[in-house]
Structures are given as C-alpha cells and as structure tokens.
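In: Below is the sequence, then the predicted model.
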Amino acid sequence: MHFFLIVLAVHALVNFYLALRGWQALEAAPALRPWWTLFMVLMFVAYPLGRWLEKLWFHPLPIGLHWIGSFWFAVMLYATLMVLLIDLGRLLNLAWPWLQTLGGDNMPLLKLRALLVVFGATLLIVVGGHINAWYPKIVRLDLSLPKQAGQLEYLRIVAASDVHLGTIIGPRKTAKLVATMNSLNPDVILFAGDVVDEDVKPVIKQNLGENLRQLHAPYGVYAATGNHEYIGGGEPSIRYLEEHGIKMLRDTALLVNEAFYLVGREDLHKRWAKGEERKSLPQILEGVDPSKPLILLDHQPYRLEEAEQAGIDLQLSGHTHHGQLWPFGYITQKIFEVSRGYHQKGNTHYYVSTGFGTWGPPVRTGNRPEILVINLYFKE
C-alpha cells in the first residue's frame, strides 16, 4: 500500500510540473489554457482509471484509457527531461543572458515555441519507440558444454522472457511471438518468467491461451514464474498457463528425454506474495545427475554465483528489460551484475534477456525486444 501511494504521489507531482509549465508556455495563446488543463487531468487519471475499470468491465472504454495512460508514461518521461533541460537553460540565462538571441524580446512567443518543440520531439521519440517495440530481434548464441546429453549432439533452445500478456500485449503481438518461435525450429521452448502481465483476466478475455497452444517443440514448452505472475495473484495465472500447454517449473528439476535437465526456480516475489521462501538451488538439485546438462530458468538475475556454485551449465533470466526506456538502462546496470546479454562465470553461461514484451508504456527506446536462439553443443 505504501509503495502504491509513493508511486501515485510521484505520478501526481510530475503531471503537476508538466501542467504548470504548459500553462505558463501558453501565455501567448490563453484561449488554449482551459483545454490544456482538461487534457492534463485526463492524462493524469487515464492509467489508474483504466486499470480499475478493466477489472469490472472489459470494454473498449477502459481498454482505451489503459492504452492512453500507458503511452502517457513514456510521454511524461521525455517531456519532463526536456522541460527540465529548458529550466536549466533559464537558470543559466540569469547569469549569462543568451535567450535574447532566440527572440527573448518576445518571451511569451518563445515559450510557446518551446512547448511546440517539446511536444514534437516527444511525439517522435514515443512513436519511434513504439515501432521499435513491435519488431523483436533474433539473438543467436552457440555454446559448447563439456557434457554428454544421451544421444543428442546438440539442442536448439528458443526462448523469451517478459512477454507480459495482457491488455497491451494482446492477440496480434502474441500471434507474432508464436509464429516467430515456431519458425525457428526449436527443440525446446523456454520462457524465463513474466509470461503474464499481472491480472490474468485480460488474457482470458482475449483468449490468448489459444495462441500459446500453437507453440510446438519436440521436447515441450516450459516456463518459470516471474514477479508479475505473483503480482497478479500467482495461482490463477500459473494455472492458466498450465492449461494452455506451458509446463511450469516451480522449484523443480525435470529430466527431459533422459538427456538434459530443465530446472525452474520460483520467482523471488513469491516471498512477498505468499510469505513463503523459494527453495535453494542445492535443495532443487538434490538427486539430480550432475553429469547431464543443467539448464536453469531464474527470472530475476540476482546472485549469479549461486548457479555457478551449484554446477548449472546455462542460466536464462529476464526481468530487467535493460531499463526498457532510455536512460533507465544505466540504473539497471548498477542494480544487476548483468543487465542484459551474455556473461560467463566459471563454467556457467548466463543470458539475461531484454524481454519480448513491454511493461507499462508499449515503448522501447533503450533497446530492442528479443527472442533467443541458443544452440547447445554437447561434447565430452
């Protein structure tokens, strides 16, 4: 509850700052000020009102508010950064006057022009980021493991993380995910958590599970839980995925085809959602044959050394989105040992995916969405 109040307070303060600066910038066009006020009120309430109404009434009106509010988060970020830059320039102008060179003798007109520049630049960034979010890249990685896997010489893994199925990631994006993954000829399909974006009701209403049923791989389709599965209540989301062809690995190790193990850890958020600690890796791996390849799904890439110490060969994670929106990637790089991409510690290989879907705004400006193709070659 406290976290929600903090987020709402920050949301209100940022919107008030933008509303105030916009009002001031419309000094040269006072007739537009009431419309500006109405616009800012609508933007402020769109996301929380849309999300609340969606739970009661899955209808184009709350869905539209949800979409508008989601885009507005990205607009808020880049508009605020630009307005802060303008305010910094105004402060510098007090010490070293320079605005006169831009037409400072007519300050109301200059402020209006600045508002139009901020609006236009923000629109270009957000539209470009939305287009970028629609087109995932295919990341290909070839790895050799010093182990045998039964009769297998290699294993092709097709994987994704952070799909965030829901209102924003709906039927078209889900169909694109399924078609792309199937086209890559996987031996096994893996999801490293956050398949569902919190509330599973929009997933059910849009029947996205039927898309998931179309995923095909000889050795199956598997997933670990992510924090968003638990934010959305845990069991309803997990049960829905299981009912639609995805085997959930929850603190368990599964021997596949007598050749390799798939290990799935519960997400760390289980502790906050259910008051239960997840199992340690040594507990999960008890009775496992360490001579066979061990592939781990662990959504949040914390404490990477645990996988190395447990003898894991390959760990797949997600969660970070590498910030999703620039410049947040610099923050995730400080929080996580690996914010995105490939890493190796000892004999353990790690890959932290930027994710397929989006959380919040359907916009990516810091990186591209991705689907992984990992070819594992087995050698003694």
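Out: Okay, I see it.
In: pLDDT weak spots in the stretch 1-150 of the chain?
Out: The stretch 1-150 of the chain contains residues with pLDDT under 70 at 1-3, 102-105.
In: Can you find which helix in the chain contains the most residues?
Out: helix 60-95 (DSSP state H).
In: Who are the packing partners of it?
Out: helix 2-25, helix 33-56, helix 107-134 (3 or more C-beta pairs under 8 Å, 6 or more residues apart in numbering; DSSP states H and E). C-beta: built from backbone N, CA, C; applies to glycine.
In: Check the offset of that helix from the chain's centre.
Out: For helix 60-95, the gap between its own C-alpha mean and the chain's C-alpha mean amounts to 21 Å (C-alpha atoms, centre = their mean, to the nearest Å).
In: Show me which residues of it are buried.
Out: 62-63, 65-80, 82-83, 86 (16 or more other C-beta atoms under 10 Å).
In: Show me the one of the helices and strands packed on helix 60-95 that comes nearest residue 155.
Out: helix 107-134 (29.8 Å; C-beta to C-beta).
In: That closest one to helix 33-56, inter-axis angle?
Out: 30 degrees (axes from the mean of the first three to the mean of the last three C-alpha atoms, to 10 degrees).
In: Name the surrounding residues that touch the helix or strand following helix 107-134.
Out: Next helix or strand after helix 107-134 toward the C-terminus (DSSP states H and E): strand 137-145. Applying C-beta atoms under 8 Å, 6 or more residues apart in numbering, the contact partners of strand 137-145 are 180, 184, 293, 313-314, 342, 349, 351, 353, 368-379.
In: Got a ChimeraX select line for the buried ones in these?
Out: Buried residues within the contacts of strand 137-145, by 16+ other C-beta under 10 Å, are selected in ChimeraX with:
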select :184,293,313,314,349,351,353,369,370,371,372,373,374,376,378
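In: Now, the contacts of strand 137-145 that are in strands?
Out: 314, 342, 349, 351, 370-378 (DSSP state E).
In: What is the most widely separated pair among those residues?
Out: 370 and 378 (24.8 Å).
In: any chance you could map the strands in the stretch 201-350 of the chain?
Out: Using DSSP state E, counting those that start in this stretch, the strands of the stretch 201-350 of the chain run over 221-223, 247-248, 252-256, 260-264, 294-297, 314-317, 341-345, 348-352.
In: Which of these sits closest to residue 36?
Out: strand 348-352 (41.9 Å).
In: how much does the closest one deviate in direction from strand 370-378?
Out: 170 degrees.
In: packing partners for strand 348-352?
Out: Looks like strand 348-352 contacts helix 305-309, strand 314-317, strand 341-345 (3+ C-beta pairs under 8 Å, 6+ apart).
In: Mean confidence (pLDDT) on that strand, please.
Out: The average pLDDT for strand 348-352 rounds to 98.
In: in stretch 8-19, what's buried?
Out: In stretch 8-19, counting by 16+ other C-beta under 10 Å, buried: 11, 14, 15, 17, 18, 19.
In: of those, closest to residue 171?
Out: residue 11 (29.2 Å).
In: Identify the residue spatially nearest to residue 305, adjacent ones excluded.
Out: residue 345 (6.8 Å; C-beta to C-beta, 6 or more residues apart in numbering).
In: And residue 247, by the same measure?
Out: Using C-beta to C-beta, 6+ apart, the nearest residue to residue 247 is residue 222, at 4.8 Å.
In: Might you report the residue contacts of the one you found?
Out: 188, 189, 190, 191, 246, 247, 248, 249, 254, 262, 264, 297.
In: Put the buried members of those residues into a ChimeraX selection.
Out: In ChimeraX, this line selects whichever of the contacts of residue 222 come out buried by 16+ other C-beta under 10 Å:
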select :188,189,190,191,246,248,249,262,264,297
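In: which one of the contacts of residue 222 sits closest to residue 168?
Out: Once C-beta to C-beta is applied, the member of the contacts of residue 222 that ends up nearest residue 168 is residue 191, at 17.5 Å.
In: Leaving out sequence neighbours, find the closest residue to that closest one.
Out: In space, residue 191 is closest to residue 223, 3.7 Å off (C-beta to C-beta, 6+ apart).
In: average pLDDT across stretch 372-380?
Out: Stretch 372-380 comes out with an average pLDDT of 93.
In: same check, this time on stretch 315-334
Out: 97.
In: If you count neighbours, what's buried in it?
Out: In stretch 315-334, counting by 16+ other C-beta under 10 Å, buried: 315-326, 328-329, 332.
In: that older thread, the helices and strands packed on helix 60-95 into TSV, with extra columns for distance to residue 173?
Out: Shown next, in TSV, are the helices and strands packed on helix 60-95 (distance: least, C-beta to C-beta, whole Å):
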stretch	distance to residue 173
helix 2-25	25
helix 33-56	18
helix 107-134	8
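In: which one of those helices lies closest to residue 360?
Out: helix 33-56 (8.6 Å).
In: tell me the contacts of residue 372?
Out: Residue 372 neighbours (C-beta under 8 Å, 6+ apart): 139, 141, 157, 158, 159, 160, 316, 351, 353.
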